[in-house]
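Asks: next comes the sequence, and after it the predicted model I'd like to discuss.
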Amino acid sequence: MAIDVRGVREQTRGVVNVAHLNNAGSSLVPRPVAETVVRHLRREEEIGGYEAAEEAADRLQSVYSSVARLIGARPDEIALGESGSRAWAVAMHSFPFVPGSRLLIGRSEYAGNVVALRQLARRNSLQIVVLDDDPYGQVDVEHLQRELERGNVAMVALTHVPMADGLVNPAAEVGRRCRAAAVLFVLDACQSVGQMPLDVESLGCDVLAGTGRKFLRGPRGTAFLYVRASVLGRFDPLALDGLSAFSSGEEGFEIRGDARRFESWEASIAGRLGLGRAVDYALDLGLDAVQERVGALAERLRTELAAVPAVTVHDHGIARCGIVTFSVKGNEAANIRARLAEHRINVSVAPRPSGEVQAILTGSPHVAETVVRASVHYYNTEDEILRLVGLLPR
């Protein structure tokens, strides 16, 4: 089914204020999601936080089922969190790395992940190997294959959709090769969840992290972590509390047997209920329809931008997504962002991923090139795209 653009815009209060083309940063929250969060906060105000949580227990439990359905997992493979990056890092820091083993990462890995991986490498005497890009700018799966065949690989970590460059990495092919080599595959899906269908079986990943605030249109401060049940026992969380473990046995405690071992007792119940409502909202629309609408808008934007003589579009990849990156000759990206903001058009400024990763790994003082990032969603319109392009210097 096609997206009812008028209907979803009617449920998105912010569209009357701005043309919001910063969905890769944080989307406009739809009214049902905002109302879910506020309703629970009102109950906390009226009857108390613990009492409101107890009242909402069944609805909170259903959030795990909704997230599981979103990515083709089981509810006991899902943990909820407050940040996609933090959820990703919690899993990574819980894995028992063998000193001297190798970590394979993509050249477009999220910079924050690279910092965390460098910390892990230092603590565990690991070697980080950066995989080449293929001619289309995606991770080179043939280079991946050669490195897997060399052996001594502890893990492959990949960002599904980089924060810039517009591409979608071939995660399913990476997953297939990792599985054949019996190597753990960790996927950062923070920019892909909510703008395209995801299925952990098809992707072949063992760990997947996603955030609520981006294309999923959930509240800020919400996220989730998937860990495949068959590998869950290999992860030993660094910080346990009364939720992630319980008193038992000779050691005095036992780590719980599901993915909630990565959670802590205290959390925003209102935020998590809002996340669940956002997931249900996306599922009701249909992720195939969402991807079709987002992809069509992004390609229209790329076409219109390419027709402007001063503009260079920087996107790569065979499969591309709702993230569009460009620069304007003779203009700093930050100045273009400010110019558009004056006309109530939201975009962001982003570093090119490969340059930033290289700088972090080498310790180079090199400052990565920045580009304008315009990221569309299904509630955006063609008129908003034309407004953006019409305001750019020629």
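Replies: Thanks, I have it.
Asks: now do the longest helix seen in the chain: distance to the chain's middle.
Replies: Ordering each helix of the chain by length in residues (DSSP state H) puts helix 287-306 first. Chain-centre distance of helix 287-306: 19 Å, with C-alpha atoms, centre = their mean, to the nearest Å.
Asks: other SSEs contacting it?
Replies: Here helix 287-306 touches strand 311-313, strand 323-328, helix 382-390, going by 3 or more C-beta pairs under 8 Å, 6 or more residues apart in numbering; DSSP states H and E. Heads up, the C-betas are built off the backbone N, CA and C, glycines and all.
Asks: most neighbours per residue, which of those?
Replies: strand 323-328 (a mean of 25; mean count of other C-beta atoms under 10 Å).
Asks: what is the rounded mean pLDDT of the following helix or strand past that one?
Replies: Note on strand 323-328: by DSSP states H and E, the next helix or strand toward the C-terminus is helix 333-342. Helix 333-342 comes out with an average pLDDT of 97.
Asks: before we move on, the earlier item: what angle do the longest helix of the chain and helix 382-390 make?
Replies: Put simply, helix 287-306 runs at 30 degrees to helix 382-390, going by axes from the mean of the first three to the mean of the last three C-alpha atoms, to 10 degrees.
Asks: so which bits of helix 287-306 are buried?
Replies: If you call a residue buried by 16 or more other C-beta atoms under 10 Å, then helix 287-306 has these buried ones: 287, 290-291, 293-295, 297-298, 300-302, 304-305.
Asks: what's the pLDDT at Q358?
Replies: Predicted confidence (pLDDT) for Q358: 67.
Asks: where are the low-confidence patches of the stretch 151-300 of the chain?
Replies: Judged by pLDDT under 70, the stretch 151-300 of the chain has no weakly predicted residues.
Asks: would you state the strands of the stretch 51-200 of the chain in chain order?
Replies: Using DSSP state E, counting those that start in this stretch, the strands of the stretch 51-200 of the chain run over 78-81, 102-105, 127-130, 153-159, 184-188.
Asks: okay, now the sheet partners of the last one, with direction.
Replies: Paired strands of strand 184-188, with direction, are strand 153-159 (parallel), strand 207-211 (parallel) (DSSP bridges).
Asks: redo those strands as JSON lines? Include distance to V328.
Replies: Output for those, formatted as JSON lines (distance: least, C-beta to C-beta, whole Å):
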{"stretch": "strand 153-159", "distance to V328": "26"}
{"stretch": "strand 207-211", "distance to V328": "29"}
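Asks: can you say which of those strands is packed in most?
Replies: strand 207-211 (a mean of 30).
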